[in-house]
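Test case, fold it:
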Amino acid sequence: MLLHWNKYAQRLGDKGYKIMESLLLINDPKLNGTSITIELPNEGSKLDFEKELNGLLGHLKGHLHNHDITIEVIVNESIETKRSFNDQDRYNRLHEINPNIELLRTTFGLDLDA
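This is a model prediction of the structure:
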């Protein structure tokens, strides 16, 4: 289930729906039988998520061959993003976006350790 959840998120990101992609990846959904529960940080996120809910359900039901799947959204304003990025992670992400950053780093002798 998690594999297809992440594939759907990546597909949305590739189409330019970065906010929805980040909502899907904010934390891992929990599976209990045919019910999937996801926690989101606020009501605004929940509203954005629910706009894409039918597409997500269709994707999961089709790929998992289970038409009984339901998704429950819980708003938990105390959750924190589980991702923590160090300097190398940030650099790698910037390098993915623009490979010319390597030229900039070598030209000016920049180092991540300093």
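
Every contact and neighbour count from this point should use C-alpha atoms.
Fine.

for the residue nearest the centre of the chain, what are its contacts?
Centroid-nearest residue in the chain: Leu25, 2.4 Å away (criterion: C-alpha atoms, centre = their mean). By C-alpha atoms under 8 Å, 6 or more residues apart in numbering, the residues touching Leu25 are 6, 9.

swap the cut-off to 6 Å and go again
Under the criterion of C-alpha atoms under 6 Å, 6 or more residues apart in numbering, Leu25 has no neighbours.

And Pro29, by the same measure?
Neighbours of Pro29 in contact, by C-alpha under 6 Å, 6+ apart: 37-38.

Mean pLDDT per helix and strand in the chain: which one sits at the bottom?
helix 87-97 (a mean of 82; mean pLDDT, DSSP states H and E).

Which stretches in the chain count as helices?
2-14, 18-25, 43-51, 53-64, 87-97, 101-107 (DSSP state H).

Nothing else from me, thank you.
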